[in-house]
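Enquirer: Got a sequence here, can you build the structure:
(2 chains)
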Amino acid sequence: GAGVSQTPSNKVTEKGKYVELRCDPISGHTALYWYRQSLGQGPEFLIYFQGTGAADDSGLPNDRFFAVRPEGSVSTLKIQRTERGDSAVYLCASTGGGTGGYNEQFFGPGTRLTVL
Amino acid sequence: ILNVEQSPQSLHVQEGDSTNFTCSFPSSNFYALHWYRWETAKSPEALFVMTLNGDEKKKGRISATLNTKEGYSYLYIKGSQPEDSATYLCASSGNTPLVFGKGTRLSVIA
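Expert: As a prediction, this is how the structure comes out:
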């Protein structure tokens, strides 16, 4: 079946612009996660949704970052007033279970964001 | 704050060699240890999720062990093949979201 998909695969923007990154999880998966991988680092947790609600947004670095999942499936990560330090690969993952601690996560291929 | 360390950072081996790398994590409040393989231009793929001290899991030529008391896990690859070239990530969960290490980048030379 279809895996997790993310669009766009690459996004180049200018400092100060607004961007939206989209994630389509595996159909029926209730939990959805966003991570950010900066150069030379491992993926870093940003936010976790259980259904439509953000169960844990403790990883969002500041109020320029926001994510929604209005119908409990597709999620959009929104970044306002982008900065060069936001350049990274943004990964999305989904699971059919709860917090994800015990469940393997199914990842999308990521969106590579470059802020010039 | 959970801190997950992986070593070595990178590794080059010849085709047919066996290899292993390490993931260390805090042993307190441990829930689960995940291993993922991430090939360039592809999605990270789950290899193993382990929860119990002494767990050993195997998938083909790849196996992993877990020691939750001392806070480490080993990943072994037997008879490395060029298609094993990838970054291998481990992640630990302690009733928190997954915390990933920086990965071990494996290159298998034919």
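Enquirer: Quote the end-to-end distance of stretch A:90-108.
Expert: 9 Å (Cα to Cα, to the nearest Å).
Enquirer: what's downstream of the least confident helix or strand in chain A by mean pLDDT, the next helix or strand?
Expert: Lowest on mean pLDDT, DSSP states H and E among the helices and strands of chain A sits strand A:53-56, with a mean of 91. Using DSSP states H and E, the next helix or strand after strand A:53-56 towards the C-terminus is strand A:65-68.
Enquirer: Can you name the residues that contact the closest residue to A:Lys78 other than its chain neighbours?
Expert: Spatial nearest neighbour of A:Lys78, excluding adjacent residues (Cβ to Cβ, 6 or more residues apart in numbering or on different chains): A:Phe66 at 4.7 Å. Placement of C-beta: from N, CA and C, glycine included. Neighbour list for A:Phe66: A:60, A:77-80 [criterion: Cβ atoms under 8 Å, 6 or more residues apart in numbering or on different chains].
Enquirer: From B:Lys58, how far off is A:Phe66?
Expert: Distance of A:Phe66 to B:Lys58, computed by Cβ to Cβ, to the nearest Å: 42 Å.
Enquirer: Neighbouring strands - and their directions - for the least confident helix or strand of chain A?
Expert: Applying DSSP bridges, strand A:53-56 is found paired with strand A:44-50 (antiparallel).
Enquirer: contacts for the partner strand?
Expert: Contacts of strand A:44-50 (Cβ under 8 Å, 6+ apart): A:30-38, A:54-61, A:65, A:67, A:69, A:72, A:75, A:77, A:98-100, B:97-100.
Enquirer: Equivalent analysis for stretch B:2-20, please.
Expert: For stretch B:2-20, using Cβ under 8 Å, 6+ apart, the contacting residues are A:42, B:21-26, B:74-82, B:88-92, B:94, B:96, B:99-110.
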